[in-house]
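1. Okay, predicted coordinates and the sequence, questions at the end:
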Amino acid sequence: MPAISPLDGPVAVTGCSGFTGGHMVRELVLQGYQVRACIRDANSWRGKDCVDYLNRLPRVEIVDGCDLFTPGSYHAAFNGCTAVFHTAAVLGNSANLESQPLGSGDTSMDVFNGGVIGTQNIIDAINASSSVRRLLYTSSMAAVRGSRHTRRTSAPDYEWTETDWAYEGIEPEVWESPRNAYARSKVETERLVNAAADASGGRWDAITMAPAMICGPVLFRAQVGQWIEQLGRIAAGLPTAWPSKYDMYYDIIDVRDLVKAQRLAAESAVDHGSTHGGPRYVMHGTGGHSALRLGTEVRALIHEYFPAFVLGEPATVTSSGERITVEANGVNDCKKAKSVLGATIRPVEDTIRAVIETSIELGVIEPKRSEAPATGSRTASFSSPEDAYWEFFRADRAQDAERWADVMSYPHVRVAAPTGTASFETPEAYASNASWDARKATGWVLSRGAEPVRLHESPDKVHLAGGWTRYNIDNEPILSNRVTYVLTRLGERWGIQARFGVDSFDEGENYETAAATAVEVVERFHSALGSGDFEACARLCHYPMTEVGIGEVAQFEDAATARERFAAMTDRNAASEIRAAQMGSRGVVVSVTARGQAGGTVNSVFLVGNREEQWRIAGISAITDPQG
């Protein structure tokens, strides 16, 4: 196969005033290549900014006048080159006559034509040269799974790979719609470059990279746009504006990892066409962490590194007052690129931090500072249960024991379904128990929280279904758990009063048998409670058994003390709904709704665990809603 090296001669990069193109030039010159940097107009504001940066790099020849809409404009740039890295594209936010003066002015048409017709001009220039042996084309995950508007439905744990195509399972009229112009452009351009490479008779081949949302450090101001601009807006205290003002999931790939993988593919002697999915590489899935919700997880990471900034946030409610639905769509990982090319994927935290730091350094944003940075003191205030939940993970990653302890309401209790209970009466006691060195010795270096969902709520207490995944030093997931967090408001401050953990959890596992068993235990408990058989209730518990109130945690060491408590549960009638809310290998959180004796409802969570092959109740938390 026609692998290349810096010794073979110069290479060309298209779209160098763009984000990926600028980084592609930098990656290549750092590895010793001579680069011909193709730009459309060196005298435009974008071109001048780009040229100023490129002139500071060694071994770069700037070739002006390279326009996707102009046949023949790349011929001189490619002549004598061994490879072409084609990163140029027309994007929805730049498909206007100011940015593309030779376009039609119709956004969807120019996006599509900029891909297909523009790339045909690239192919013609390659064929006209006698030297180019390899084309590296930057496609998109939009060609794999479609746009966010027309993406086909998939299971939450479906893993998108190089064999997937965006048009699969989509009605033709939907696929051909203008809003799908970008995805269609990428699909058709992939087909075009593959067919042209085949038609070359082996003189040159084509390799495609399919990245998701490309983020990372900004090299010059003209690169700012799309996803990196939205991250900067949040750090600057502004709402997001593109592609809409609403919250969404960000599927981030670091631009530095993307361009490195492209270089590795160019230098590889592997027969890319014979690999799984053909000469195509998905570049997505930051160390196994596929997607982050912008308004919660991404915003939390920005706050972790820049705690004094007043942050903006995307909208979550429409103008008519309806709350939007935000869903992730499948799992992504660069498995093929890592195994075949040796690609490496850095932690997403590094990527987000680099976006903000370079945006500040270049004067793109000017963050607003709060009057006082968040501290580890007990004066730190969390205005919502979710604020406290995400601070729990931020403080953990910061390895700040006092700040971590400050997230809790006390007394605080952690109940693990299969193993038992740990209690902490004070912040000092909790902080003294933290040991990140001991964790690292087991290969566990950081945790990331799962998107939380409210199960039940009142003004002073919330049951929040969340969880976490642990990662090793290579940023690979090693263990996941699903946890119900009991959050209480003491005064004006929310904190985590208790954690009910179900034990290990795997997206691919079926826990229906465990769920059915746990639900049956809770049904028997409520039946016995309704009939006054408190002895039977007590037999259905593990000990110590924990009950969580607001600012209170009761632990019953044996059946006798538990019996007395159950006899005092006169506030509820028979349960109207009992269901499994969170499931794991040895534990299940069961959600219960019962009518109260005095009206309203009592919403409870029961942690049911399997210890010594006995499924029993280990923890209970109830929320009374007089109006329910």
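-> Nice, I can see it.
2. biggest helix in the protein, by residue count?
-> Longest helix in the chain by number of residues (criterion: DSSP state H): helix 107-128.
3. Could you list the buried residues of that helix?
-> Residues 107-108, 110-127 are the ones in helix 107-128 that count as buried (16 or more other C-beta atoms under 10 Å). C-beta: built from backbone N, CA, C; applies to glycine.
4. Show me what the helix or strand hosting R233 is packed up against.
-> Here R233 sits within helix 226-235, counting by DSSP states H and E. Applying 3 or more C-beta pairs under 8 Å, 6 or more residues apart in numbering; DSSP states H and E, one finds that helix 226-235 contacts strand 213-215, helix 299-305, helix 348-361.
5. so where do the strands sit in the stretch 1-150 of the chain?
-> Along the stretch 1-150 of the chain, counting by DSSP state E, counting those that start in this stretch, strands occupy 11-14, 35-38, 60-63, 83-86, 134-138.
6. The third one packs against which elements?
-> Under the contact definition 3+ C-beta pairs under 8 Å, 6+ apart, strand 60-63 sits against strand 35-38, helix 45-54.
7. is it possible to export the ones you listed to CSV including mean pLDDT and mean neighbour count?
-> Listed next are the helices and strands packed on strand 60-63 as CSV, based on pLDDT from 0 to 100; neighbours: other C-beta atoms under 10 Å:
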stretch, mean pLDDT, mean neighbour count
strand 35-38, 98, 28
helix 45-54, 96, 19
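8. Let me know which of the ones you listed is the nearest to G18.
-> Of all those, it is helix 45-54 that lies closest to G18, at 8.6 Å by C-beta to C-beta.
9. which residues sit against that closest one?
-> With C-beta atoms under 8 Å, 6 or more residues apart in numbering as the contact definition, helix 45-54 has outside contacts at 16-17, 22, 25, 37, 39-42, 60, 62, 64, 99, 219-222.
10. Can you tell me the SS state at R524?
-> Of the three states, R524 takes helix under DSSP: H, G, I helix; E, B strand; the rest coil.
11. since we're on the residue nearest to it when sequence neighbours are not counted, how many residues are nearby?
-> Nearest residue to R524, sequence neighbours excluded (C-beta to C-beta, 6 or more residues apart in numbering): L540, at 6.1 Å. Neighbourhood size, L540 [other C-beta atoms under 10 Å]: 22.
12. Likewise for E176?
-> 12.
13. who are the neighbours in contact with it?
-> Residues in contact with E176 (C-beta under 8 Å, 6+ apart) are R184.
14. again, but for G118
-> G118 sits next to L68, F69, A88, A89, V90 when contact means C-beta under 8 Å, 6+ apart.
15. among these, which are in helices?
-> Assignment to helices by DSSP H places none of the contacts of G118 there.
16. Any of the residues you listed buried? List them.
-> For those, buried by 16+ other C-beta under 10 Å: L68, F69, A88, A89, V90.
17. Which of the residues you listed sits closest to T513?
-> A89 (49.5 Å).
18. thinking again about what came up before, dump the strands of the stretch 1-150 of the chain into CSV; add distance to A536 as well.
-> CSV is the format used below for the strands of the stretch 1-150 of the chain (distance: least, C-beta to C-beta, whole Å):
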stretch, distance to A536
strand 11-14, 74
strand 35-38, 77
strand 60-63, 80
strand 83-86, 71
strand 134-138, 65
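19. how about the ones you listed, which one is nearest A498?
-> A498 lies closest, by C-beta to C-beta, to one member of the strands of the stretch 1-150 of the chain: strand 134-138, at 48.5 Å.
20. can you pull the buried residues of the closest one?
-> Within strand 134-138, the residues scored as buried using 16+ other C-beta under 10 Å are R134, L135, L136, Y137, T138.
21. and these as JSON lines, adding pLDDT and distance to E168?
-> Shown next, in JSON lines, are these (pLDDT from 0 to 100; distance: C-beta to C-beta, whole Å):
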{"residue": "R134", "pLDDT": "98", "distance to E168": "28"}
{"residue": "L135", "pLDDT": "98", "distance to E168": "25"}
{"residue": "L136", "pLDDT": "98", "distance to E168": "25"}
{"residue": "Y137", "pLDDT": "98", "distance to E168": "21"}
{"residue": "T138", "pLDDT": "97", "distance to E168": "22"}
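22. Same list (the residues you listed) but as TSV, adding distance to T624.
-> Listed next are the buried residues of strand 134-138 as TSV, based on distance: C-beta to C-beta, whole Å:
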residue	distance to T624
R134	68
L135	66
L136	62
Y137	61
T138	57
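23. tell me the two of those residues that are most distant?
-> For these, and using C-beta to C-beta, no pair is farther apart than R134 and T138, which are 13.8 Å apart.
24. residue ranges with poor pLDDT in the protein?
-> In the predicted model, the chain carries pLDDT under 70 at residues 1, 91-108, 148-157, 286-290, 329, 371-381, 570-574, 596-599, 627-628.
25. name the helices or strands packed onto the longest strand anywhere in it?
-> Longest strand in the chain by number of residues (criterion: DSSP state E): strand 477-490. Secondary structure elements in contact with strand 477-490, counted by 3+ C-beta pairs under 8 Å, 6+ apart, are helix 385-398, strand 408-416, strand 461-471, strand 493-504, strand 572-583, strand 601-611.
26. what do you get if the cut-off is 7 Å, keeping everything else the same?
-> helix 385-398, strand 461-471, strand 493-504, strand 572-583 (3 or more C-beta pairs under 7 Å, 6 or more residues apart in numbering; DSSP states H and E).
27. show me the contacts for the closest residue in space to G609 that isn't next to it in sequence.
-> Leaving out its chain neighbours, the residue that sits closest to G609 by C-beta to C-beta, 6+ apart is A417, at 3.1 Å. Applying C-beta atoms under 7 Å, 6 or more residues apart in numbering, we find A417 in contact with G501, V502, D503, G584, R586, G587, L607, V608, G609, A618.
28. Can you give the domain ranges for this structure?
-> 6-212+252-289+330-342, 217-250+292-327+346-373, 385-504, 512-625 (automatic domain parsing).
29. Could I get the contacting residues of the closest residue to R145 other than its chain neighbours?
-> Leaving aside its sequence neighbours, R145 sits nearest to W160 (C-beta to C-beta, 6+ apart; 5.1 Å). Residues counted as contacts of W160 (C-beta under 7 Å, 6+ apart) are V144, R145, V282, G330, N332.
30. Could you say which helix or strand holds R263?
-> Using DSSP H and E, R263 falls in helix 255-267.
31. Show residues contacting that helix.
-> 3-5, 19-20, 23-24, 27-28, 31, 83, 85, 134, 136, 207, 209, 211, 214-216, 281, 283, 337, 341-346.
32. List the buried residues in the longest strand of the chain.
-> Of the residues in strand 477-490, those buried (16+ other C-beta under 10 Å) are L479, S480, N481, R482, V483, T484, Y485, V486, L487, T488, R489.
33. ok, what's across the strand from the closest residue to the first one other than its chain neighbours?
-> Distances taken as C-beta to C-beta, 6+ apart put R470 closest to L479, at 4.6 Å, once the chain neighbours are dropped. Beta bridges link R470 to S447, L479, judged by DSSP bridges.
34. Was I right to think R470 contacts G443?
-> No - R470 is beyond contact range of G443, at 8.7 Å (criterion: C-beta atoms under 7 Å).
35. Looking at those two, which one has more neighbours?
-> More crowded of R470 and G443, by other C-beta under 10 Å: R470, with 18 against 14.
36. wait, what's in contact with the more buried one?
-> Counting by C-beta under 7 Å, 6+ apart, R470 makes contact with W444, S447, I478, L479.
37. on that earlier part again, which of the contacts of A417 ranks first by neighbour count?
-> With neighbours defined as other C-beta under 10 Å, the most crowded of the contacts of A417 is G587; it has 32 neighbours.
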